[in-house]
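Participant: Fold the following.
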Amino acid sequence: MTSSRRHQAGRIYRFSWGLLVLGHPLPTFLTAVAATAFFLIARGEIGVSLDAAVIFIVVYFILYSIGAMNDYVDEPLDRRSKRQEKPLVAGDLTRSMALSLWLATGFLGVVAAYHFGLEEAGIAIMLWLLGFSYNFWAKPTGISWLPFMAFYPSLPVLGFVAAGRFTPSLLLAYPIGSLLSLSLNVANTLPDIDRDVEGGVNGFTHKLGTRRALLVLWISLAATMALMALSVWLFGGRPERLAPGLAIGMLLLGIMMADWAVLRSYNSLKRTFYLTAGCALVIGCSWTASLR
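Facilitator: Here you go, the predicted model:
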């Protein structure tokens, strides 16, 4: 292979990698998996179907749009912090590309949601607007957690509405999921907290500082699991479906606490985010299944 061809292949690789990274692939994928799981729980199905694939696409595109929007808004801060892992800073993508991508994927997510009807498209628009409000308004403020408190509890509602199985008991996801949403917001912010503070960001987690934010995160996760158990007991759910999820959730919580107690590193904070996302996925799905 000639030097020019190697250079061209390298550019294509970096461009393709930038397209993937721009959408924050791991949290986006896990959130889309959670929404798909809620849909399958509502249908009482196990396996892949066209409708399940559409739900995944809806949430993945909406989250990709929000992630691309985040990198677009944060590009000046990321550049000052020399975050070369960010595609805009590394030069793999341009700002105009990021703008086009977050507009296009947001639109496609809403269009895909219309496969199920106007209600589902409306929920998709609401999810996108919550991401917009976080990126352009809430993130640097003391109420950066607020969009999260509406976004994540809306995922089981989206899944059940798309499946035609909505019940009023699902609205419990908002009060019960509020602390879980707070946990996800804190966990998402913690790995970047020092860079954000240097760049002048002073949101909720930044005001707390690392140690107090971790304490809030752990207490919120534990309180969420307690509220889930209480709601199943009070409203006649199926505790045998909730119990395994709570057991896994408590294990993951214990692992993240031990990780920080022993290592106290940047990588610990990254793992804390992944463990929090996994915990939220497991306990969210098991609690939703316990309502049926």
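Participant: List the residues that contact V161.
Facilitator: Contacts for V161 (CB atoms under 8 Å, 6 or more residues apart in numbering) come out as F116, E119, E120, I123. No exception for glycine: its C-beta is placed from N, CA and C like everyone else's.
Participant: and if you look at T141?
Facilitator: Neighbours of T141 in contact, by CB under 8 Å, 6+ apart: N202, G203, F204.
Participant: Which ones among the residues you listed map onto strands?
Facilitator: Judged by DSSP state E, the subset of the contacts of T141 located in strands is empty.
Participant: Out of those residues, which is nearest to Y60?
Facilitator: The closest of the contacts of T141 to Y60 turns out to be G203 (CB to CB; 25.7 Å).
Participant: residues near the residue lying closest to the closest one once chain neighbours are set aside, how many?
Facilitator: Setting aside the residues directly before and after it, G203 is nearest to S144 in space (CB to CB, 6 or more residues apart in numbering), at 3.9 Å. Burial measure for S144: 23 neighbouring residues, criterion other CB atoms under 10 Å.
Participant: S144 contacts F204, correct?
Facilitator: Yes. Under the criterion of CB atoms under 8 Å, S144 makes contact with F204 at 4.8 Å.
Participant: Need the residues touching each of those two.
Facilitator: With contacts taken as CB under 8 Å, 6+ apart, S144 and F204 have N185, T189 as neighbours in common.
Participant: Helices along this protein, start to end?
Facilitator: Taking DSSP state H to define them, one finds helices in the chain at 3-22, 25-43, 50-80, 87-90, 95-113, 118-133, 146-151, 154-162, 173-189, 193-198, 204-208, 210-234, 239-262, 266-290.
Participant: Same list (the contacts of V161) but as a markdown table, adding neighbour count, pLDDT and distance to W102.
Facilitator: Shown next, in a markdown table, are the contacts of V161 (neighbours: other CB atoms under 10 Å; pLDDT from 0 to 100; distance: CB to CB, whole Å):
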| residue | neighbour count | pLDDT | distance to W102 |
| --- | --- | --- | --- |
| F116 | 21 | 94 | 23 |
| E119 | 15 | 93 | 24 |
| E120 | 21 | 94 | 21 |
| I123 | 22 | 96 | 19 |
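Participant: ok, and the closest non-adjacent residue to S65?
Facilitator: Nearest non-adjacent residue to S65, counting by CB to CB, 6+ apart: G106, 3.6 Å away.
Participant: Show the pLDDT at that neighbour.
Facilitator: For G106, the pLDDT comes out at 96.
Participant: mind checking how far it is from P25?
Facilitator: With distances taken as CB to CB, to the nearest Å, G106 is found 17 Å from P25.
Participant: Look at these two and report which has more neighbours.
Facilitator: Ranked by neighbour count (other CB under 10 Å), G106 and P25 place G106 first, with 25 against 15.
Participant: A32 and Q8: what is the separation?
Facilitator: For A32 relative to Q8 (CB to CB), the value is 32 Å.
Participant: Tell me which of these two has more neighbours.
Facilitator: Using other CB under 10 Å as the criterion, A32 and Q8 rank with A32 on top: 21 against 12.
Participant: My read is that that one contacts Y60, right?
Facilitator: Yes. Assessed by CB under 8 Å, A32 is found in contact with Y60 at 4.1 Å.
Participant: just to revisit the earlier point, I'd like the helices of the chain as a markdown table, with distance to P140 appended.
Facilitator: Output for the helices of the chain, formatted as a markdown table (distance: least, CB to CB, whole Å):
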| stretch | distance to P140 |
| --- | --- |
| helix 3-22 | 21 |
| helix 25-43 | 20 |
| helix 50-80 | 10 |
| helix 87-90 | 19 |
| helix 95-113 | 19 |
| helix 118-133 | 12 |
| helix 146-151 | 13 |
| helix 154-162 | 23 |
| helix 173-189 | 11 |
| helix 193-198 | 8 |
| helix 204-208 | 8 |
| helix 210-234 | 16 |
| helix 239-262 | 25 |
| helix 266-290 | 19 |
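Participant: I'd like to know which of these lies nearest to K139.
Facilitator: Closest among the helices of the chain, using CB to CB: helix 50-80, at 7.9 Å.
Participant: What distance do you get for the residue nearest to S65 to A112?
Facilitator: To A112, G106 is 11 Å away according to CB to CB.
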